[in-house]
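# Structure, please.
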Amino acid sequence: TGEAIQPFEISEIDSSEMDAGNMYIGFVDWGDGTVDTVTTWNGGSHVYASTGTYQVKISGDFPAFNYVSIAGAWKDYLTRIVQWGNIQWKSFFGAFGGFPNLTSLPTDYPDTTGFTDCGKLTAVCTVTAPNLDWSSTDTMKSMFYRSCLLTTTDLSNWTLRTAGVTLEDFFNESGFLSTPTFNGVSTPDLSTWNNTSGLRSLKEFARNASALKSVNLTGWDTSNVTNMFEGFKGAQNLEEIAGLSTINVSSVTTASQMFYDTQKLHFTNHNFGTSWNNWAAMTGSFSQFFYRNGYSLTAATAGPTPTVADWSMPNATGQCQNLFKESRYVDGSTLTINWNHPNCTALNAAFYLMQGVSTLNFNMTTTTALTNMLSFARRADNLDSITFGSNMDFRAVTTMQNAFFNIKIGTFNLVFDAAANFQSITNLVNFTGTASRVIATSDYDALLVRFEATNSNTVTLNAGGSQYTAGSAAATARAALIADHSWTI
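As a prediction, the model looks like this:
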């Protein structure tokens, strides 16, 4: 690079990080007139006598590097890889991990025909690496872990292993070691990848990937992927996912928190398609799935709600807590949820502090597994219409405390099915909040009638400024709740 650097020593390779089964018979030209022979997999060190820039050359049988877990100031001095040469590499696992000033990889192509692993390939690098053949590699885990990934990143036309390959943590924490200048600038286009049907895991694929602005997955066949857990969680600068509409989730068993804290991700150009409807293999939960999606967007930049109305997950278990908590969509939006989720146990804080959505149509198919709706839509203060369909089973729900606390100021619609059964409810404290929050009179009338018809517990109901119709069936129901069931209203 022409810049002065201090003398440094290249330390021995840690035996715990290398494959001792590989044969190492090679030569290292240190660039200062010294050439050493390397005959063991954990040997080789050199001290430079004077300040300067040196180019190191390796020849012979030298099938792998792994520096990802090795510390040392000398790692600051590696700035580029000049050429891959004709060595037949067997592994790039951790090959150049943790080199903060490495900014360039070669434009020629390494011989990867014997590969089985290339995880944690490089930590910080501007990558121009099209047309690579990874067809012998079964794991590409953490390949760009903590990489800066600038706008010039080229990963086009890669060929994957058809018999199965994992991309777990592929872009995990990319941008972590970068200054803010390099956050939210990378736009990798992976749409020309081959054999994507071999993909098996996208767990934490772009988790906390602050470097990414967008990613193009158009044409990917994810029908064999089983794990999407935290796939894009914490990718706070990611704005769009091209190809999102055709992602196939039919084999996915776990995907909790998939879009958690995707603060700039919007669905203006790329939304969910029908291939997302089939979650038949899903056995995990949908907890925090869209938590803080769009959180940092404004009224001017927010996008539409996700088109997820008809998802079906008959075998999924556990909670849907914080499902859309603190999410942000364009003002006046409608969100429809008609999910088939019979094993859902909790919807607590599902829409807590959600912004932009004014109409929520919620007709999830539930059963008596559902017991908790604490703070369901608390402080979702753009909501002025909430409708629960006939597929909602409230029979085992014990609490709706704060369920609609301080949503839209003024009058709002809150509609339950005419056959709704609230037999297990014991807590309706702060149901709607302050006196400025008012359930439409006809909806409040209907709710009082259903409470009296189905509930015999002693309950406290705070319904803000809501008013029932005097002399109506609702008035009779209200009086009976107080007199016969010791309700406090």
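# Which residue ranges of this protein form helices?
441-454, 473-485 (DSSP state H).
# what sits up against the shortest one?
If you take C-beta atoms under 8 Å, 6 or more residues apart in numbering as the criterion, helix 473-485 is touched by 444-446, 448-449, 451-453, 455-459, 468-469, 487-489. No exception for glycine: its C-beta is placed from N, CA and C like everyone else's.
# Figure out how far stretch 266-277 is from the centre of its chain.
Mean C-alpha position of stretch 266-277 versus that of the full chain (C-alpha atoms, centre = their mean, to the nearest Å) differs by 15 Å.
# now do the same end-to-end measure for that stretch.
19 Å (C-alpha to C-alpha, to the nearest Å).
# Other residues contacting it?
239-250, 294, 297, 301-308, 310-312.
# buried set for that stretch?
By 16 or more other C-beta atoms under 10 Å, the buried positions in stretch 266-277 come out as His266, Phe267, His270, Asn271, Phe272, Trp276, Asn277.
# Find the nearest non-adjacent residue to the second one, please.
What that stands for is Phe267. Excluding the flanking residues, the one nearest Phe267 by C-beta to C-beta, 6 or more residues apart in numbering is Gly303, at 5.0 Å.
# Could you report the distance from that neighbour to Thr262?
11 Å (C-beta to C-beta, to the nearest Å).
# Comparing these two, which residue is more hemmed in?
Thr262 (27 against 23; other C-beta atoms under 10 Å).
# Which residues are in contact with the more buried one?
Thr262 sits in contact with Phe232, Lys233, Gly234, Ala235, Gln236, Leu238, Arg292, Asn293, Gly294, where contact means C-beta under 8 Å, 6+ apart.
# Out of those, give me the one that has the most neighbours.
Most surrounded of the contacts of Thr262: other C-beta under 10 Å gives Ala235, at 32 neighbours.
# wait, doesn't that one sit right on Ala209?
Yes: using C-beta atoms under 8 Å, Ala235 is in contact with Ala209, at 4.6 Å.
# Phe422 and Glu452 touch, don't they?
No: contact criterion C-beta under 8 Å: Phe422 and Glu452 do not qualify, at 9.7 Å.
# Give me the mean pLDDT for stretch 218-232.
For stretch 218-232, the mean pLDDT works out to 98.
# which of the residues in it are buried?
Thr218, Trp220, Thr222, Asn224, Val225, Thr226, Asn227, Met228, Phe229, Glu230, Gly231, Phe232.
# coming back round to it: now the buried members of the contacts of helix 473-485.
The neighbour-count criterion (16+ other C-beta under 10 Å) marks Tyr444, Asp445, Ala446, Leu448, Val449, Phe451, Glu452, Asn455, Val459, Tyr468, Trp487, Ile489 among the contacts of helix 473-485 as buried.
# Not counting its neighbours along the chain, what's nearest the first one?
Think Tyr444. Ser466 is the one closest to Tyr444 (C-beta to C-beta, 6+ apart), at 4.5 Å.
# Please, where are all the strands along the stretch 51-200 of the chain?
Using DSSP state E, counting those that start in this stretch, the strands of the stretch 51-200 of the chain run over 57-61, 165-166, 199-201.
# Save these as CSV, and put in mean pLDDT, mean neighbour count and distance to Arg378 too.
Putting the strands of the stretch 51-200 of the chain into CSV (pLDDT from 0 to 100; neighbours: other C-beta atoms under 10 Å; distance: least, C-beta to C-beta, whole Å) gives the following:
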stretch, mean pLDDT, mean neighbour count, distance to Arg378
strand 57-61, 81, 13, 61
strand 165-166, 96, 22, 39
strand 199-201, 98, 22, 35
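# want to throw those strands into TSV with distance to Ser136?
Below are the strands of the stretch 51-200 of the chain laid out as TSV (distance: least, C-beta to C-beta, whole Å):
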stretch	distance to Ser136
strand 57-61	18
strand 165-166	10
strand 199-201	15
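# Thr426: which of these is closest?
In terms of C-beta to C-beta, the element of these nearest to Thr426 is strand 199-201, at 42.8 Å.
# What helices and strands are in contact with that closest one?
When contacts are defined as 3 or more C-beta pairs under 8 Å, 6 or more residues apart in numbering; DSSP states H and E, strand 199-201 packs onto strand 165-166.
# Need the winner for burial among the helices of the chain.
Among the helices of the chain, helix 441-454 has the highest mean neighbour count (mean count of other C-beta atoms under 10 Å), at a mean of 20.
# Let me see the residues that make contact with it.
Counting by C-beta under 8 Å, 6+ apart, 413-416, 418, 420-423, 425, 439, 459, 461, 463, 466-469, 472-474, 477-478, 480-481, 485, 487 sit against helix 441-454.
# pretty sure Val38 contacts Gly26?
Yes: applying C-beta under 8 Å as the test, Val38 and Gly26 come out as touching, 4.9 Å apart.
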